[in-house]
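A.B. asks: attaching a predicted model along with its sequence, questions to come.
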Amino acid sequence: MKSFNMTRRVVMAAAAAALTLGTPAVAGGHQIVDSIHFLIPGGAGGGWDGTARGTGEALTAAGLVGSASYENMSGGGGGKAIGYLIENAESQHGTLMVNSTPIVIRSLTGVFPQNFRDLTLVAGTIGDYAAMVVGKDSPVNSMADLVAAYQADPRGTAIGGGSVPGGLDHLVAAIVMKAAGENPADVKYIPYDAGGEAMAALLSGEIAALSTGFSEAIALADAGEVKIIGITAPERVSSYADAPTMIEQGIDAEFVNWRGFFGAPDLPADKLAAYQAAFAKMYETEEWETVRAQNGWVNIYNNGDDFRSFLENQEQVIGDLMRELGFL
């Protein structure tokens, strides 16, 4: 069996090789798309919600899209929204659904029967590191403190997340705790439907720590609600430089979660091209840079066949990792 560190590095190397970093050039600065309706597979306050609304804000403020609307459709670990988009495909050509690594994880684990191949792949647009946070009044101030609390009382030191068991937040918690020398299968994980519910559980003391996206953690830390005790970036991120990395605390764990957009099956080619052109042009705008910097996102852009190749590779690599960790 491969070592954990080797497997983790394969995940990161595959992601780095498949994602196209930087700013694609697209001619013209006029409106490209009249309107976009963003379908969000989770509740308010989560990473999908922030990504869709931040992207829509930048696109409309920059004049690339005339108007944007938003719809939260929680349920089935994201499967409800996917099913809706597929079942109503002909009437949803103006809709883009945001998603991320969980669409791969949850199809692997059978949370829903569909996978990314059942949708039109529009583009991967950003990356977001993961973070471990604790409540502002928690006695835990570092990953060393969290690991010590876990060792003293494993069942009483629950880690929560805004995803189902075996989902992204659970996977990140397992990656981090295994890298810290603990058995990831023994970690008590409590799932919540969205980041907002998970945050309420953290503040109430139901969980000791929260595994979440770095962008969500920044917003919570800026509001004075949490302390960020570790992030899965290779080095500190300027958008919140006070957040220490796992690596600098002796925990050899890195992870980045892509986020991107999908259309209904059989989306007309002209609509697909327009959406892709709008996203590509977006990277050149000050409006997008403001949103990106505020959230600590990493710019990525891959569409069409490149996006499909990346997802197929991730499906293989993450499947192997989940089997190693006992999730499959």
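C.D. replies: The structure has been received and is ready for your questions. Residues are numbered from 1 along each chain as shown.

A.B. asks: quick one: list the elements packing against the helix or strand where Leu202 lies.
C.D. replies: Assigned by DSSP states H and E, Leu202 belongs to helix 195-204. For helix 195-204, the packing partners by 3 or more Cβ pairs under 8 Å, 6 or more residues apart in numbering; DSSP states H and E come out as strand 120-135, strand 159-161, strand 209-213. Yep, even glycine has a C-beta here, placed from its N, CA and C like the rest.

A.B. asks: buried deepest among those strands, which one?
C.D. replies: Of all these, strand 209-213 has the most neighbours on average by mean count of other Cβ atoms under 10 Å, namely a mean of 29.

A.B. asks: centre of the chain to that strand, how far?
C.D. replies: 12 Å (Cα atoms, centre = their mean, to the nearest Å).

A.B. asks: what's the answer for stretch 53-60, then?
C.D. replies: Stretch 53-60 sits 17 Å away from the centroid of its parent chain (Cα atoms, centre = their mean).

A.B. asks: what's next to that stretch, contact-wise?
C.D. replies: With contacts defined as Cβ atoms under 8 Å, 6 or more residues apart in numbering, stretch 53-60 is touched by 33, 36, 38, 65-68, 70, 98, 125, 261, 278, 282, 285, 287-288, 290-291, 294-295.

A.B. asks: can you get me the start-to-end distance on stretch 197-213?
C.D. replies: With Cα to Cα, to the nearest Å as the measure, stretch 197-213 spans 14 Å from end to end.

A.B. asks: and stretch 85-94, by the same measure?
C.D. replies: 11 Å.

A.B. asks: avg pLDDT for that stretch?
C.D. replies: Averaged across stretch 85-94, pLDDT comes to 98.

A.B. asks: hang on, the earlier thing: quick check on the contacts of stretch 53-60: which are buried?
C.D. replies: 33, 36, 38, 65, 68, 98, 125, 261, 278, 282, 285, 287-288, 291, 295 (16 or more other Cβ atoms under 10 Å).

A.B. asks: what residue, apart from its backbone neighbours, is nearest Asp169 spatially?
C.D. replies: Gly161 (2.5 Å; Cβ to Cβ, 6 or more residues apart in numbering).

A.B. asks: correction: Gly213
C.D. replies: Leaving aside its chain neighbours, Gly213 sits nearest to Gly47 (4.2 Å; criterion: Cβ to Cβ, 6+ apart).

A.B. asks: residues contacting that neighbour?
C.D. replies: Applying Cβ under 8 Å, 6+ apart to Gly47 gives the contacts 100, 128, 162, 195, 212-213, 215-216, 257, 259.
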